[in-house]
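> Okay, sequence plus prediction incoming.
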Amino acid sequence: MRTSRLIEHGVTWALIGHLGITVFQNTPDAHISMLNRFTFGWTIPQWRFFAPNPGTENIHILYRQQHEHTWGPWAELPTRYHPTWHSGIWNPGNRGYKALFDAAQQLMTLSGHGATFEWVAQSPAYQLLADVIAERLRPTTPTGTYQFMLATSTPEAGPEGVKPILTSFPAPL
């Protein structure tokens, strides 16, 4: 009886410790190699609660228009959904934002793996972003030229942390 109780407490504390270390490891500043030194051969899972990089990098989709041969300022396409009180149960409003985010991720992957720009420009992700931005601009300016840019930023790096990933060809509306 006493041995089984001791084993039960040992397993319980091992699971609590493992869960605690796993949560700590998933914070933005965590370094798995540092933590694995203290686990004595017990590898800590590298799960991510917030994908793709929790709290370390933001994705921005920017666009601009050309007016009389002069490019206007860059504006940001909103990619964040503002949840409502019932979002945990029913959340159809997030689908469009999720599609934009997934398209931006796909373009980042293609750009990061050495795809040629012409090949990237023929991808469904590129076409989706181009179509969304064109549809956004048509009600205010039915003719003209537009361009979009995909950029990432690292919040803790400030303005120096902004990195352009891809700039589109200028396209007619």
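Arrived safely.
> can you map out the strands along the chain?
In order along the chain, the chain carries the following strands (DSSP state E): 58-67, 70-71, 75-77, 145-153, 163-167, 171-172.
> Dump those strands to CSV, plus distance to residue 93 and mean neighbour count.
(Each C-beta comes from the backbone N, C-alpha and C, glycine too.) Compiled in CSV, the strands of the chain are given as follows (distance: least, Cβ to Cβ, whole Å; neighbours: other Cβ atoms under 10 Å):
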stretch, distance to residue 93, mean neighbour count
strand 58-67, 18, 17
strand 70-71, 32, 10
strand 75-77, 16, 13
strand 145-153, 23, 19
strand 163-167, 27, 14
strand 171-172, 28, 11
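> any idea how far residue 139 is from residue 147?
With distances taken as Cβ to Cβ, to the nearest Å, residue 147 is found 18 Å from residue 139.
> Can I get the lengthiest helix in the chain in CSV? Just the C-alpha atoms.
What stands out as the longest helix in the chain, according to DSSP state H, is helix 2-25. As requested, the backbone C-alpha atoms of helix 2-25 are provided in CSV (Å, rounded to 0.1, in the frame of the first residue of the first chain):
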residue,chain,number,x,y,z
ARG,A,2,2.8,2.5,1.0
THR,A,3,4.8,1.6,-2.1
SER,A,4,1.9,2.1,-4.5
ARG,A,5,1.2,5.5,-2.9
LEU,A,6,4.9,6.5,-3.2
ILE,A,7,4.9,5.5,-6.9
GLU,A,8,1.6,7.4,-7.5
HIS,A,9,3.1,10.6,-5.9
GLY,A,10,6.4,10.1,-7.9
VAL,A,11,4.5,9.8,-11.2
THR,A,12,2.3,12.8,-10.4
TRP,A,13,5.3,15.1,-9.6
ALA,A,14,7.2,13.9,-12.6
LEU,A,15,4.2,14.8,-14.9
ILE,A,16,3.8,18.1,-13.2
GLY,A,17,7.5,18.9,-13.5
HIS,A,18,7.5,17.8,-17.2
LEU,A,19,4.4,19.9,-17.9
GLY,A,20,6.0,22.9,-16.2
ILE,A,21,9.3,22.6,-18.1
THR,A,22,7.4,22.1,-21.4
VAL,A,23,5.4,25.4,-20.7
PHE,A,24,8.6,27.2,-19.8
GLN,A,25,10.3,25.9,-23.0
